[in-house]
Structures are given as structure tokens and as C-alpha cells.
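> Here is a sequence together with a model predicted from it:
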Amino acid sequence: MAITYADMLPPTGEEVNMGGLSERLWFARKVDIQTWSAPAASPASPYILTSAFQMKTGKKFYECYITQDTGDLELQSIGEVDGKSFKPVLKAFYPGLEDAAITFFNQIKNDVIIVIAELPDGKMLQLGNERFSMRVSPNFKTGVNSGRGRGMEFEVTGFIPYIYRYAATVPVTPAS
């Protein structure tokens, strides 16, 4: 692939550059994916994935609510001077300790997943690909009486070679 740079101009003032994440993200088990997301056949950018995931029969992406103003995603630059990549670190908080949350966090803590994180402007970032998966580290906290309340702080981490924007529909209905 030939590298062609574009001019990086200042914002026009019409952009939504609000920080953080929206109040939801989606995840899927890596083993449940039949066909991976991909860029268009003749992409303007190979890092914009316009082809949606195809899931195995009965499988889908699951939505996860996160408390407002707790979603934080950093794509840390890692590697040697001529071998750079990224380490996503997504931090969020899920409120409460319902039975479904206990089950979910006990099950996901040892699984390998792919995550779609939604930004405040509706654009989405894909964390993980067919060669690199994400992992979840949950941390239950009761908090203090005057604080935010009890719930699960969790962190999603892994490694990716590129920053990917997911520009397709998230498959949230079980595949047939």
C-alpha cells in the first residue's frame, strides 16, 4: 500500500469534539464471528471499516450500558521506533449489582472479545480484529454512601496494529 498523506487542517467549528464515550458500547465473543468487518473494495481509507461483521448462526453483538461520564478510551502508542502499534485502554462503570451483572462479569473476565465503542458524535471505533482480541478486567466497588454508588468498574485492553473506525451496522440481532 502506497502512503499518501492528506493536509491536516484546523477544525471548522462544526465538529463534535466532545470527549469521552456515549452511554453504550457493544461486544461480541471472538469465536462467534463468521466474517470480519472490512474496508470498502476501493477504500478511500483502509482504516474505515464499512463492511459489517457477519455472525455465526444464533450469535450477535451485545449492548452494554455504561454510566454517563465514566467511559474513557485511550489508544496508547506502543512499540519501538520503527514498529509502532496501539494498546487500547477503555475504562467504564456499570452501575448496580444485579444477578445478570454478576453472571456477565464472571463469564467475560476470561473470554476474548471484540468491542465497538461509540463516541459522542455517533462515530464508532473497533477494538480488536481477527488477529488481536480484547480482554475485560472487572473490579466491583461498593463505593461510599455519599458517592456514585456501587457497581462494576471495568477495563478493556488488548493490542491493535491500527486505529479502526467502524462505519457499518452493529449486528445486534442473532444471525440466522
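That came in fine, so what should we check first?

> What strand or helix carries the nearest residue to residue 86 once chain neighbours are set aside?
Closest residue to residue 86 apart from its sequence neighbours, by C-beta to C-beta, 6 or more residues apart in numbering: residue 75 at 4.6 Å. Using the backbone N, CA and C atoms, a C-beta is placed for each residue, glycine as well. Using DSSP states H and E, residue 75 sits within strand 72-78.

> and that strand, which residues are buried?
Applying a neighbour-count criterion of 16 or more other C-beta atoms under 10 Å, one finds 73, 75 buried in strand 72-78.

> what helices or strands is that strand leaning on?
With contacts defined as 3 or more C-beta pairs under 8 Å, 6 or more residues apart in numbering; DSSP states H and E, strand 72-78 has these neighbours: strand 85-95.

> and the strand it packs on, how far from the chain's centre?
The chain centre lies 8 Å from the centre of strand 85-95; the measure is C-alpha atoms, centre = their mean, to the nearest Å.

> Give the buried residues for that strand.
Buried, per 16+ other C-beta under 10 Å, within strand 85-95: 86, 88, 90-95.

> residue contacts, the nearest residue to residue 90 once chain neighbours are set aside?
Closest residue in space to residue 90, ignoring its immediate chain neighbours: residue 156 at 4.1 Å, by C-beta to C-beta, 6+ apart. With contact taken as C-beta atoms under 8 Å, 6 or more residues apart in numbering, residue 156 is in contact with 88-90, 92, 113, 115, 127, 134-137.

> Run a quick check on the residue nearest to residue 86 versus residue 90, I expect a contact.
No - assessed by C-beta atoms under 8 Å, residue 75 is found out of contact with residue 90, at 9.5 Å.

> hang on, residue 103 in a helix?
Yes - if the criterion is DSSP: H, G, I helix; E, B strand; the rest coil, then residue 103 is within a helix.

> what's the distance between it and residue 25?
The gap separating residue 103 from residue 25 is 18 Å, by C-beta to C-beta, to the nearest Å.

> which of these two has more neighbours?
A count of neighbours by other C-beta atoms under 10 Å puts residue 25 above the other of residue 103 and residue 25, at 25 against 10.

> Noted, bye for now.
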